[in-house]
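Participant: sequence plus predicted model, see below.
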Amino acid sequence: MSNSGTNLDLETALRGAEARYAAANPASRAAFEAAQAHMPGGNTRSVLYYPPFPLTLTGGEGCHVTDADGHRYIDTISEQTAGLYGHSNPTIERAVIEALRHGIVLGGPTPREAELADLMCGRFPALEQVRFTNSGTEANLYAVCAARAVTGRPALLAFEGSYHGGVLSFGGYGAAMNAPFPAVLAPYNDPARTLELIEAHAGELAAVLLEPMVGSGGCIRADDEFVRALREATARHGIVLIFDEVMTSRLAPGGLHSVLGVQPDLLCLGKYLGGGLSFGAFGGRAEIMARFDPARPDAFGHAGTFNNNVLSMAAGIAGLRDVLTPEASLRINRDGDRLRARLNGLLAARGVPGTVTGYGSMMMIQLAEGTYLRPRDTARVPPAARALCQLEMIAQGIYVSRRNMFNLSLPMGDAEFDRIAGAFDAFLAEYGRVLG
Ligand SMILES: Cc1ncc(COP(=O)(O)O)c(C=O)c1O
């Protein structure tokens, strides 16, 4: 950062930061331009794009990543929560290498999927039975399809601004690519309006799909009263209550639902539970999941060449059994609470309007005043403020996403938290005036 208080306004400040970023990252720019030859926008995963061009990463180790220009960063993106274990956990690495040595496309059941299913059902109270998929998107699609099949109803109630996968996205990119389920959208954390909508559409609703803390939607937790109201209304109307804990299951040893004390009928999981490899899972009440028993004459089908791929199963087992013990889960979430309080303290001390929202090891910087009750509140933050925060944290060696979401990983410790807080404080000192 080298702006020295000369910023006149946010847009001017951002243009300066972009120019410095472009000058510092010529190899990333060249890689981005080369990637455009055969991929639209040089991209195969929309969230990874940000202007003027994204950093091209070449490696990772512990809680650090390295880019094409040779910069080394503390990684606060942590692969959008999937990188919980860090980039080179030796226990997971050993498990993957061991699995690789014995054949990776076996084409039959292996003991591994049953072991991972046991571990997960032992950990998450809502899981009586579980099935594996290749991504969180697929897990949510199967959960919604299961709800439609068991209820015989077509529609889904989801929450404005929530994200459940690229084809189940109710904010951000808009609905053009969404799976064509009839959807009723309700405001998050608004029990009165949501109950009205449930009552009005009860005859059509197969499922209510809730992320108990919206992750990409702003790191805003569902209120206890709101969740209890959803549980009560869905039970009364025979609607399947699905919790999407693809991100939030990392927030407590038993997932966020274990903290909320409310059991969904179905639970969707993904991200870190594959140990860093492709992964998803859906499960829940045995009464619903039993319909996937292929020996039943009325069985629901559930296919997927790689559902039980040995590498994801091996990495997932090693991670959950040997690395993310309940104590480790409590520790990383306590660290997250402390870091969030510290960043909030810096905002207050510098008099910069804003809040760091979140819970445990997931948080998001919101550079605008006011309370954050639902995803739409995050629209108060000027996009230029998010861009400036990202680029100026990157300039100080902290890898930050455009949405300014920070996810802790297990290798992070006090040294990293000090550097993150120091860089954020320097950013606020430099730009406090244009952010205010
Ligand atoms: C809450 C939530 N659900 C589902 C998904 C989709 O998971 P995947 O990217 O593995 O398809 C994501 C991904 O970010 C997510 O945050």
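Facilitator: Okay, I see it.

Participant: per-domain residue ranges of the protein.
Facilitator: The chain breaks down into these domains under automatic domain parsing: 10-75+327-435, 90-323.

Participant: of all those, which lies closest to residue 83?
Facilitator: domain 10-75+327-435 (5.5 Å; Cβ to Cβ). Placement of C-beta: from N, CA and C, glycine included.

Participant: report whether the closest one contacts the ligand.
Facilitator: No - residues of domain 10-75+327-435 are not located near the ligand by Cβ under 6 Å from any ligand atom, the shortest gap being 7.6 Å.

Participant: tell me the gap between that domain and the middle of its chain.
Facilitator: Mean-position distance between domain 10-75+327-435 and its chain equals 15 Å (Cα atoms, centre = their mean, to the nearest Å).

Participant: which residues in the stretch 201-350 of the chain form strands?
Facilitator: 205-210, 213-214, 220-221, 240-244, 266-270, 280-284 (DSSP state E, counting those that start in this stretch).

Participant: so who does the nearest residue to residue 272 once chain neighbours are set aside touch?
Facilitator: Of all residues not flanking residue 272 in the chain, residue 84 sits nearest, at 3.7 Å (Cβ to Cβ, 6 or more residues apart in numbering). Shown in contact with residue 84 (Cβ atoms under 8 Å, 6 or more residues apart in numbering): 78, 250, 271, 272, 319, 324, 332, 361, 407, 408, 409, 410.

Participant: one more time with 6 Å, if that's ok
Facilitator: Counting by Cβ atoms under 6 Å, 6 or more residues apart in numbering, residue 84 touches 250, 272, 409.

Participant: for the first one, give me the pLDDT.
Facilitator: According to the prediction, residue 250 has pLDDT 98.

Participant: list the residues that contact it.
Facilitator: Listed by Cβ under 6 Å, 6+ apart, the contact set of residue 250 reads 84, 272.

Participant: residue 270: how many residues sit nearby?
Facilitator: Residues lying near residue 270 (other Cβ atoms under 10 Å) number 28.

Participant: before we move on, back to that, pipe the strands of the stretch 201-350 of the chain into JSON lines and attach distance to the ligand and mean pLDDT per row.
Facilitator: Below are these laid out as JSON lines (distance: least, Cβ to the nearest ligand atom, whole Å; pLDDT from 0 to 100):
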{"stretch": "strand 205-210", "distance to the ligand": "9", "mean pLDDT": "98"}
{"stretch": "strand 213-214", "distance to the ligand": "8", "mean pLDDT": "98"}
{"stretch": "strand 220-221", "distance to the ligand": "13", "mean pLDDT": "98"}
{"stretch": "strand 240-244", "distance to the ligand": "5", "mean pLDDT": "99"}
{"stretch": "strand 266-270", "distance to the ligand": "5", "mean pLDDT": "99"}
{"stretch": "strand 280-284", "distance to the ligand": "6", "mean pLDDT": "98"}
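
Participant: export these as CSV, with columns for distance to residue 44.
Facilitator: CSV is the format used below for these (distance: least, Cβ to Cβ, whole Å):
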stretch, distance to residue 44
strand 205-210, 26
strand 213-214, 25
strand 220-221, 29
strand 240-244, 23
strand 266-270, 18
strand 280-284, 18
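
Participant: figure out which of the ones you listed is closest to residue 33.
Facilitator: Nearest to residue 33, of all the strands of the stretch 201-350 of the chain, is strand 266-270, at 32.2 Å by Cβ to Cβ.

Participant: circling back to that earlier point, now do the SS call for the residue nearest to residue 272.
Facilitator: With DSSP: H, G, I helix; E, B strand; the rest coil as the basis, residue 84 sits in coil.

Participant: now the residue of the chain found nearest the ligand. Nearest residue, chain neighbours left out?
Facilitator: Closest approach between the chain and the ligand, counting by Cβ to the nearest ligand atom: residue 136, at 2.4 Å. Leaving aside its sequence neighbours, residue 136 sits nearest to residue 270 (Cβ to Cβ, 6+ apart; 3.1 Å).

Participant: show me where the protein has helices.
Facilitator: 10-24, 26-35, 90-100, 111-123, 136-151, 191-201, 224-237, 256-260, 286-289, 310-317, 326-350, 383-395, 414-435 (DSSP state H).

Participant: distance to residue 166 and mean neighbour count added to those helices, as JSON lines?
Facilitator: Below are the helices of the chain laid out as JSON lines (distance: least, Cβ to Cβ, whole Å; neighbours: other Cβ atoms under 10 Å):
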{"stretch": "helix 10-24", "distance to residue 166": "27", "mean neighbour count": "17"}
{"stretch": "helix 26-35", "distance to residue 166": "19", "mean neighbour count": "16"}
{"stretch": "helix 90-100", "distance to residue 166": "26", "mean neighbour count": "16"}
{"stretch": "helix 111-123", "distance to residue 166": "24", "mean neighbour count": "17"}
{"stretch": "helix 136-151", "distance to residue 166": "6", "mean neighbour count": "23"}
{"stretch": "helix 191-201", "distance to residue 166": "25", "mean neighbour count": "15"}
{"stretch": "helix 224-237", "distance to residue 166": "25", "mean neighbour count": "17"}
{"stretch": "helix 256-260", "distance to residue 166": "22", "mean neighbour count": "21"}
{"stretch": "helix 286-289", "distance to residue 166": "25", "mean neighbour count": "16"}
{"stretch": "helix 310-317", "distance to residue 166": "19", "mean neighbour count": "25"}
{"stretch": "helix 326-350", "distance to residue 166": "27", "mean neighbour count": "16"}
{"stretch": "helix 383-395", "distance to residue 166": "21", "mean neighbour count": "22"}
{"stretch": "helix 414-435", "distance to residue 166": "29", "mean neighbour count": "18"}
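
Participant: fine by me, thanks again.
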